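In: Sharing a sequence plus its predicted fold:
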Amino acid sequence: MYGLLISSVSSYIKDTYGEDKWEEIRRHAHVTSHTFATHDRYSERIIPDLANAASQVLNVSAENLMYNFGVCFVSFVGQYGYDRILKVLGRHMRDFLNGLDNLHEYLRFSYQKLRAPSFYCENETQHGLTLHYRSKRRGFVHYVKGQIVQVGKQFYNTEVKVDVILEEDDDIMIHVVFELHFDNTAYTELLEKEKRRLNSDHSQIQSDFLFDLFPFHMVFDRNLTIRNIGNGLYAVLPSILGRRVNKMFTLIRPLVEFRWESIQVHTNNVFELLSVFGVSRKSYYFPTKEEDQSEGTSQAQSDDFLEDDDGKCLHLKGQMLYMKEWDQIIFLGIPV
């Protein structure tokens with residue numbers, strides 16, 4: 001993890017309990033560094049170890065400490081200018097929550113090795129929503145709770161109550177479901193605007209325009225069979241047409257299974273795909289269509305495999321949109 005997160009923990013302990021307690025906790029946690037450079041990377045265990053050590057030294061539960069670490073982080077990053085980013089994510093709390101993955105995507109410009117979690121919202125009502133949180137980093141559930149509550153208070157003048165209704169761990173990543181309770185009348189206003197839009201007489205965007213605008217687009221059906229690809233994609237991977245997209249590409253982000261149902265509920269997220277086969281090889285091995293129909297999904301298992309042996313896999317980033325008129329999904333992607 002980056003030093004920015006650890007510095008915020010150090011700042012919280014020093015400000016709340018004093019410099020001497022920080023030094024005692026640091027030694028108790030076997031943390032040798034006295035200071036932490038914002039853009040340097042450190043062990044993933046440092047913050048959980050500090051929380052456990054602080055729990056013993058201060059006689060405060062580790063869960064409460066992690067929650068307070070999360071609260072402190074929101075205020076702490078203001079000195080680096082990141083509070084300005086949070087302020088422009090949207091007018092309402094729901095805008096912030098629905099844009100969390102886009103926020104982390106932006107932060108990757110400054111923190112290129114960022115192991116960002118993945119979020120998505122569902123079951124939204126005027127009284128709140130359900131937030132799904134997936135991460136390969138364990139022990140940060142209460143940290144995230146603290147961040148959410150503080151963002152609502154500090155930037156949206158909104159009181160947010162967070163309940164954890166599910167925690168599961170499949171050895172690859174954790175999946176946590178939060179139930180968020182807050183004044184979400186902005187959602188009902190959005191629904192009214194959507195109704196007016198659907199009843200209006202605006203002409204729909206022609207598919208040919210989209211196809212020309214995104215030469216690396218893909219269109220696939222409910223079986224994940226690729227039905228259309230852009231000219232740019234055809235130039236480098238012509239044989240993927242008619243194949244299953246989850247056999248031709250690995251899903252890097254979001255951290256979900258590569259299935260139709262998963263894609264439909266994550267349309268607010270940024271999607272990253274990595275081609276299974278290199279784009280510069282003169283010959284490719286593609287599975288037969290019968291092999292394509294076999295069950296199974298491609299999903300990122302680590303952060304280290306973004307290139308194949310010759311480093312020529314195609315890395316695409318973009319948005320998935322469900323096209324009701326076609327009953328298909330279009331991926332509007334660009335190479336990265």
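Out: Received, thanks.

In: doesn't residue 54 make contact with residue 65?
Out: Yes. Between residue 65 and residue 54 there is a contact under C-beta atoms under 8 Å: 5.3 Å. C-beta coordinates here come from the backbone N, C-alpha and C atoms, glycine included.

In: Of those two, which one has the most company?
Out: residue 54 (29 against 26; other C-beta atoms under 10 Å).

In: Compute the distance between the more buried one and residue 219, please.
Out: Separation of residue 54 from residue 219 (C-beta to C-beta, to the nearest Å): 52 Å.

In: Now do the helices in the stretch 51-200 of the chain.
Out: 62-76, 82-87, 93-98, 100-107, 141-156, 185-199 (DSSP state H, counting those that start in this stretch).

In: out of the ones you listed, nearest to residue 127?
Out: helix 185-199 (9.1 Å; C-beta to C-beta).

In: who touches the helix or strand following that closest one?
Out: Proceeding C-terminally, helix 185-199 gives way to helix 207-213 as the next helix or strand, assigned by DSSP states H and E. The set of residues external to helix 207-213 that reach it, using C-beta atoms under 8 Å, 6 or more residues apart in numbering, is 217, 228, 230, 330, 332.

In: what number of residues lie near the last one?
Out: Applying other C-beta under 10 Å, we find 18 other residues in the vicinity of residue 332.

In: That one: what's it in contact with?
Out: With contact set as C-beta under 8 Å, 6+ apart, residue 332 has these partners: 210, 214, 217, 318, 319, 320, 321.

In: export stretch 233-240 as PDB, just CAs?
Out: In PDB, the C-alpha atoms belonging to stretch 233-240 read as follows (Å, rounded to 0.1, in the frame of the first residue of the first chain):
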ATOM      1  CA  LEU A 233     -10.200  -4.400 -33.000                       C
ATOM      2  CA  TYR A 234     -10.700  -6.300 -36.200                       C
ATOM      3  CA  ALA A 235      -7.300  -5.200 -37.400                       C
ATOM      4  CA  VAL A 236      -5.500  -6.800 -34.500                       C
ATOM      5  CA  LEU A 237      -7.900  -9.600 -33.400                       C
ATOM      6  CA  PRO A 238     -10.000 -10.500 -36.400                       C
ATOM      7  CA  SER A 239     -10.800 -14.100 -35.300                       C
ATOM      8  CA  ILE A 240     -12.700 -13.100 -32.100                       C
END
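
In: Contacts for that stretch, please.
Out: 215-218, 226, 229, 241, 248, 275, 277, 279, 284, 286, 314.

In: Out of the helices of the stretch 51-200 of the chain, which gets nearest to residue 35?
Out: Closest among those, once you apply C-beta to C-beta, is helix 62-76, at 14.6 Å.

In: for the chain, what's the longest strand?
Out: strand 313-323 (DSSP state E).

In: Relative to the helix or strand following it, what are the paired strands and their orientations?
Out: Using DSSP H and E, the helix or strand that directly follows strand 313-323 along the chain is strand 328-335. According to DSSP bridges, strand 328-335 forms sheet pairs with strand 218-220 (antiparallel), strand 313-323 (antiparallel).

In: which one of those strands lies closest to residue 22?
Out: Nearest of the strands paired with strand 328-335 to residue 22, taken as C-beta to C-beta: strand 313-323 at 40.2 Å.

In: quick one: that closest one to helix 100-107, angle?
Out: 150 degrees (axes from the mean of the first three to the mean of the last three C-alpha atoms, to 10 degrees).

In: Include mean pLDDT and distance to residue 13 when you put the strands paired with strand 328-335 into CSV, please.
Out: Below are the strands paired with strand 328-335 laid out as CSV (pLDDT from 0 to 100; distance: least, C-beta to C-beta, whole Å):
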stretch, mean pLDDT, distance to residue 13
strand 218-220, 95, 49
strand 313-323, 92, 38
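
In: Looking at those strands, which is nearest to residue 119?
Out: strand 313-323 (15.6 Å).

In: That closest one: which residues count as buried?
Out: Buried residues in strand 313-323, counting neighbours by 16 or more other C-beta atoms under 10 Å, are found at 313, 314, 315, 316, 317, 318, 320, 321.

In: Residue 262 against residue 256, yeah?
Out: Yes. Contact criterion C-beta under 8 Å: residue 262 and residue 256 qualify, at 4.4 Å.

In: if you count what's nearby, which of these two comes out ahead?
Out: Using other C-beta under 10 Å as the criterion, residue 262 and residue 256 rank with residue 256 on top: 22 against 16.

In: give the contact list for that one.
Out: 118, 134, 262, 266, 299.

In: And it, how far from residue 51?
Out: Residue 256 sits 28 Å away from residue 51, taking C-beta to C-beta as the criterion.

In: ditto for residue 148
Out: With C-beta to C-beta as the criterion, residue 148 and residue 51 are 18 Å apart.
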